[in-house]
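> Need a 3D model of the sequence below.
(chains A and B)
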Amino acid sequence: AQTVTQSQPEMSVQEAETVTLSCTYDTSENNYYLFWYKQPPSRQMILVIRQEAYKQQNATENRFSVNFQKAAKSFSLKISDSQLGDTAMYFCAFIVIKAAGNKLTFGGGTRVLVKP
Amino acid sequence: DTGVSQNPRHKITKRGQNVTFRCDPISEHNRLYWYRQTLGQGPEFLTYFQNEAQLEKSRLLSDRFSAERPKGSFSTLEIQRTEQGDSAMYLCASSWGATSRGDEQFFGPGTRLTVL
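Okay, here's the model as predicted:
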């Protein structure tokens, strides 16, 4: 079975500060990708950042970066210079790449509140 | 707007009634997924289509649920004899199967179902 665990139900951060969200996962597969998705209140889910499991280099997208520790099966997200628009639910997810049918497995989410 | 669209956005129904939701994927995408998200949780996979073929169904998809994707374009998800436990957000996502990008899935805004 493949699982994703997010141990922090809620995090708050002051505007312009940095916050780190944790995520651990479990899989016996080798060919997979990891994602962080953002779900703002009453809005649709959008992809924040992706990481290929076979790449050691941590992915970065503007103010968002990850710390991928494959042996530990850990995949944390760092949001730097937090902005009010970063307030949202953040979901860690992974996908096992197969010939057909790549379903996402999500964690339970972390609610991030950015305070002015 | 050429994103994934879902209709209706909200549906309130009485227990025992049938409901049907529609998803229109991004036009170039041949893969379509349905997920269910209960309050405060991450989305859970329900079913997957490649073109018009339904290739995988979760054990969460009881016999009261049926999904179709005629002609490989839009998809419908029907729930018969609704129960209060069916109350959730139903999310649709589509992708073009680009495994080099982790088969990135684009999500619609969801249909929120409330069963009274």
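> Can you dump the C-alpha atoms of the helix or strand of chain B with the lowest mean pLDDT in CSV for me?
One helix or strand of chain B scores below all others by mean pLDDT, DSSP states H and E: strand B:53-57, with a mean of 90. The C-alpha trace of strand B:53-57 is given here as CSV (Å, rounded to 0.1, in the frame of the first residue of the first chain):
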residue,chain,number,x,y,z
ALA,B,53,-12.2,3.3,-21.6
GLN,B,54,-12.6,3.1,-17.8
LEU,B,55,-9.4,1.4,-16.8
GLU,B,56,-9.3,1.5,-13.0
LYS,B,57,-11.9,1.8,-10.2
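> After that strand, which helix or strand is next?
The first helix or strand that comes after strand B:53-57 along the chain, using DSSP states H and E, is strand B:65-68.
> what lines up beside the helix or strand just after that following strand in the sheet?
Downstream of strand B:65-68, the next assigned helix or strand under DSSP H and E is strand B:75-79. As defined by DSSP bridges, the strand partners of strand B:75-79 come to strand B:19-24 (antiparallel), strand B:65-68 (antiparallel).
> Can you list the strands that the helix or strand just after strand B:75-79 pairs with?
Using DSSP H and E, the next helix or strand after strand B:75-79 towards the C-terminus is strand B:88-95. Applying DSSP bridges, strand B:88-95 is found paired with strand B:31-37 (antiparallel), strand B:106-107 (antiparallel), strand B:111-115 (antiparallel).
> Show the model's pLDDT score for residue 97.
In the absence of a named chain, chain A is used. pLDDT recorded at A:I97 is 82.
> oops, chain B please
What the model reports for B:G97 is a pLDDT of 78.
> how deep is it tucked in, by neighbour count?
16 (other CB atoms under 10 Å in any protein chain shown). Heads up, the C-betas are built off the backbone N, CA and C, glycines and all.
> so who does it touch?
Residues near B:G97 by CB atoms under 8 Å, 6 or more residues apart in numbering or on different chains: A:A100, A:N102, B:N30, B:R31, B:Q50, B:D103.
> who in chain A is up against chain B?
Residues of chain A lying close to chain B (CB under 8 Å from any CB of the partner chain) are A:4, A:6, A:33, A:35, A:37, A:43-47, A:50, A:52, A:91, A:93, A:95, A:97, A:100-109.
> how about 6 Å then?
A:33, A:44-45, A:50, A:91, A:95, A:97, A:100-103, A:106-109 (CB under 6 Å from any CB of the partner chain).
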